[in-house]
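Peer 1: my questions are about this predicted structure, shown below with the sequence.
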Amino acid sequence: MLSRLQELKKEEETLLRIKMMLQEQLNRLKVIATNLKLWAACYERMLEDFIPISSASANICCSPALASPHQNRQS
């Protein structure tokens with residue numbers, strides 16, 4: 001009876017250690033996920049500041065490099 005209680009106590013300690021390790025890992029993953037979300041938001045903001053979406057297509061269409069050769073000769 002005593003040995004069975006000792007086995008159960010060891011098993012409980014092992015399970016508690018595993019639980020603690022899993023919670024630490026979950027916390028690390030949450031921090032990583034938060035950092036990735038922040039990084040993605042910053043990256044998206046940088047792109048929006050660098051190339052405004054509303055004028056991006058207008059800038060590409062009006063680029064002299066993309067104009068037809070006939071338009072370049074006439075100007």
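Peer 2: Arrived safely. Not measured: the values here are computed from a predicted model.
Peer 1: what is the burial count for Arg11?
Peer 2: No, residue 11 isn't Arg; it's Glu. Per other C-beta atoms under 10 Å, the neighbour tally for Glu11 reads 10. Every C-beta, even on glycine, is put in place using the N, C-alpha and C of the backbone.
Peer 1: distance check, it against Ser3.
Peer 2: Glu11 sits 13 Å away from Ser3, going by C-beta to C-beta, to the nearest Å.
Peer 1: swap in Thr14?
Peer 2: For Thr14 relative to Ser3 (C-beta to C-beta), the value is 16 Å.
Peer 1: ok, the two, which is more surrounded?
Peer 2: Using other C-beta under 10 Å as the criterion, Thr14 and Ser3 rank with Thr14 on top: 10 against 7.
Peer 1: for that one, pull up the helix or strand it's in.
Peer 2: In this assignment (DSSP states H and E), Thr14 forms part of helix 2-50.
Peer 1: for that helix, name the packing helices and strands.
Peer 2: If contacts are counted by 3 or more C-beta pairs under 8 Å, 6 or more residues apart in numbering; DSSP states H and E, helix 2-50 sits against no helix or strand.
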